[in-house]
Every structure is written in C-alpha cells, then in structure tokens.
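Engineer: Quick one, what's the 3D model for this:
(4 chains)
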Number of protein chains: 2
Amino acid sequence: MPDTPPAVGRKRDHSRDSDILRATLDVLVETSYADLTIEKVATRAGAGRGAIYRRWTSKDDLILAAIACTDRSDLDSDRLPDTGTLRTDLFAMLDPDWLGGTERRLRILTSITAMLSRTPDAATAVTRAIVDPSVAAYRHLIQRAVNRREFPMPADLDALAQVIPSMAAHRALFLQQPVDLAFFASLIDGILLPALANPKT
Amino acid sequence: MPDTPPAVGRKRDHSRDSDILRATLDVLVETSYADLTIEKVATRAGAGRGAIYRRWTSKDDLILAAIACTDRSDLDSDRLPDTGTLRTDLFAMLDPDWLGGTERRLRILTSITAMLSRTPDAATAVTRAIVDPSVAAYRHLIQRAVNRREFPMPADLDALAQVIPSMAAHRALFLQQPVDLAFFASLIDGILLPALANPKT
DNA sequence: CAGTTCCGGAACTGAGTAGTTGCGGAACTG
DNA sequence: CAGTTCCGCAACTACTCAGTTCCGGAACTG
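Structural biologist: Modelled structure (predicted):
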C-alpha cells in the first residue's frame, strides 16, 4: 500500500484517508452498494475524485478498505459486559448504544451483500470486520458462563455463538423486520439459554 | 397481467414464459443479480429480447416473477418426511435430493441479495417464495413432534423454526462455507434439539 | 388472403458512471 | 526559487446495458 512515497513534493494529507473511508461507510449505510458512486463519496468527504483514485485503485478497493476500517471497538473482549450471569450479560449488550452499533453494522451488512456474490474478497473482508467480531463476542460471553459453571459445556459452542448474529442478519436482510429488543429477547430466552441448559439430546 | 389478449393475430406461445423464467433463474444461480442481463437470459432461453419485454415490463419485474416461480414443491407439508422422531425427520430432509434443492435455493438467495436493499418488493418476493416455505416446513416438523409429546411446547416455536434456514443462509452468504450435512448436524444436535428438550431457562 | 400479433434477431438510443486527464493553486524539498 | 506532488474541481473518454424499434417470417382470425 505505501507505494514508495516520494521524497519530494507536497505530502499526502493522511487525515483525508479516514475522512474518505468514513464518507464511504456513510454512503454505504444510507444507500446501497449499487447506488454508491465515487462522486457521492467525494462530495460527502469534500474531496476530489482524483484524491480517491490516488489512494485506492478502484471502487471495490475503496469499499473493501472502508469495511476493514469499521469501528468495532465495542466488541473488544475486555469491553464486554460482565454482570455475573449470561442472561444479564446478553441483555446488557442491548442497551441503546449497543443497538446503535448493531444497527449500523447490520446496515453496512445489507448494503454490502451486493458485492458478496461478485467479489470473493468482499466476503472475507465483511466476515473479518463485522461477522467474526460479533461471533467472537458471543462466544466469549458463553465461554465465561461455562467457566463459572453457570452452564455445562455445550456440544457445539461455535454453532451457539453464531445463533444471535446470524439470525439478526437474516431478520434484517431477508425478513426486513426490526432487529429490536423483543427480537433479541426471543433469541436469548427461546433458543440460546434453553439450548445451553440442556446440551444433550 | 393478462393485458386483455387480442382476439386476432398469432397467439402468444405461453410455453416460452416458463422457458424464460427458468432461464432467468439459471442465470441467477450461475452469476449474480448485477451480472444478469436481459441479453443473457434471452440467449439462454433461445428467445429475443422483444419477447421478454412483451411479457414483463422491466428487468426487476422479470426477476421478481422468476423468484415467485421457484419450484418449492419439495417443501409442501404433505411431502415432508414423517419417520416418527424429529431428529430422523430433520436428517431425512438432508438426503442428496433435498440438499440439491437447498443449495439451489441458497444460490438464488445469494444472487438476489443485491436487489434487496434497492427494491422493497424483492425482499417480499424472496421471503414468500424461499424463506417462508422453509421456515414453515421446519415449524411443521417441530409442531408435529410436540403434538406427539416428543418434546414439550417450546417457549418460542417461531424463533426455533427459523434457526436452520437463517443459519444456513448466513453460512452460505457471509461465511461462504459449504452448507453440508456436517453443518446441518451441528445445528440439529447442537442447537435445535437441546433447545427443544429444555424450553425453560 | 388481408390484417394482426406473435417470433427471433439485430440495430439503435440514451442514461449512468468508472476511471482519466488537465487546470490553477497550495505545500513541501533542496 | 525551481521542481515536484499534493489538493479540489471540472471536463472528458469509454463502456455497459436497459429498453425501443424495425425486419423478415410464421401463426392465427374472419
């Protein structure tokens, strides 16, 4: 990426990098992949198209970089809620701030899906930046509950950790229904906790 | 739709309708929404573009009609397996024929996602033609198991019926991993059956 | 048969937009 | 300063493709 920066001439203003990437995500959240044009991103970022093409080789390249920059600091394992019981941990992740982050992630997810079937790299980028951190967060909470003997070790922890993120994505994308607290409650109390309580068939 | 057919002139060959719709789905399975052109569909169906535009007003209209025509007869409730236990019923749905149908549905689903965020009707059409029948099939199997006292009535039957289809879609679309027998087994034995066995937290 | 509508095919129009280039000016280097 | 590379901006090129129109011919009606 560094492209061997020249020793001479005006320095590239790297504060524009993040401005442009943030503008890309904004446009992506507001419209969709197909409706995203470099022109819109440039206008939004108050930049020229040249400045964008100087940094990223193509539209897809730009979007991939923007996805990779998604802010997912709220999913860091050391910032996860720790209330003593899994159920309250899970609900603690659903306060307004968290839902805001979740909603933004879901919106990016829906906008990006158009790329998925065309650009193989897109799926990797989305998985790494959005899907995996969510799954990892849920896995972390469940594992901790198991460690404190709240539940027995489940037969398939990985599958359980995917329940909430995958069903939330499904609801937002295909069902086009609100991913709200009531929905999360049905996942937690109707699927996740019952399945954990009885790991054997 | 009938468009008041004229009393005079050559009759429209309605066998071409299904040829074109099938060609549309084929192109959709092989490529993606963005790469689908009317030209490709016409060539594939051995038809002229005029014949297509005479039947459907636009590209999206054509695709919506094609989705609505998806063959989902294998999900009819009276064709569902009935082996006596839920677990074997679920696995009976995973023989090669069924997986073939599942895979095709998932491929259509992934190709279609590009339309979802732009055309509201697309989400409705996909939900009605692909998502709902799957969910209904799983709900039917679970309900029958409950009726025969194999399991207690779950707290949230609707949520449970969505587990397998939504997680399969998620795996195909975002994770881009094979939706094979081993994966289904982890859903059935790791989530669905444990959750059913213990409906209370 | 005369008139109509269908058919596949090919040629055409028009819109949208990715990516390029050049301008005037600012920032940096030696 | 002289030369370079950055900046935002605007004009420009090149291409794809949706949707239209017309052709020669086939099928239908009265």
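
Engineer: Next, report how far stretch A:109-124 is displaced from the centre of its chain.
Structural biologist: Offset of stretch A:109-124 from its chain centre (C-alpha atoms, centre = their mean, to the nearest Å): 13 Å.

Engineer: what comes up buried for that stretch?
Structural biologist: Neighbour-count burial for stretch A:109-124, counted by 16 or more other C-beta atoms under 10 Å in any protein chain shown, picks out A:109-119, A:122-123. The C-beta positions use only the backbone N, C-alpha and C, and glycine is treated the same way.

Engineer: Which is the succeeding secondary structure element to the helix or strand of chain A with the lowest mean pLDDT?
Structural biologist: Taking mean pLDDT, DSSP states H and E as the measure, chain A has helix A:96-116 as its least confident helix or strand, at a mean of 85. Going down the chain from helix A:96-116, the next helix or strand is helix A:120-126, by DSSP states H and E.

Engineer: State the mean pLDDT of that next one.
Structural biologist: Regarding helix A:120-126, the rounded mean pLDDT is 89.

Engineer: How about the contacts made by A:Phe174?
Structural biologist: Contacts for A:Phe174 (C-beta atoms under 8 Å, 6 or more residues apart in numbering or on different chains) come out as B:Leu109, B:Leu116, B:Ala123, B:Val126, B:Thr127, B:Val131, B:Ser166, B:Ala169.

Engineer: how distant is the helix or strand hosting the last one from the center of its chain?
Structural biologist: Counting by DSSP H and E, the element that carries B:Ala169 is helix B:157-170. For helix B:157-170, the distance between its averaged C-alpha position and the chain's averaged C-alpha position is 13 Å (C-alpha atoms, centre = their mean).

Engineer: Just checking stretch A:44-61 against chain B, any contact.
Structural biologist: No - using C-beta under 8 Å from any C-beta of the partner chain, stretch A:44-61 never reaches chain B; the gap is at least 11.8 Å.

Engineer: Would you mark the buried spots in that stretch?
Structural biologist: A:Arg44, A:Ala45, A:Ala47, A:Ala51, A:Ile52, A:Arg55, A:Trp56, A:Lys59.

Engineer: still on that earlier bit, and chain A, which of the contacts of A:Phe174 reach it?
Structural biologist: Restricting those to those near chain A - C-beta under 8 Å from any C-beta - leaves B:Leu109, B:Leu116, B:Ala123, B:Val126, B:Thr127, B:Val131, B:Ser166, B:Ala169.

Engineer: Double-check the third one against B:Leu116; I have them as touching.
Structural biologist: Yes - counting by C-beta atoms under 8 Å, B:Leu116 is a contact partner of B:Ala123 at 5.1 Å.

Engineer: Next, show the common contact partners of the two.
Structural biologist: Joint contacts of B:Ala123 and B:Leu116 (C-beta under 8 Å, 6+ apart) are A:Phe174, A:Gln176.

Engineer: if we can go back for a sec, any chance of the contacts of A:Phe174 in TSV, with distance to B:Ile20 too?
Structural biologist: Listed next are these as TSV, based on distance: C-beta to C-beta, whole Å:
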residue	distance to B:Ile20
B:Leu109	21
B:Leu116	23
B:Ala123	23
B:Val126	19
B:Thr127	23
B:Val131	24
B:Ser166	31
B:Ala169	27
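
Engineer: Thanks a lot, catch you later.
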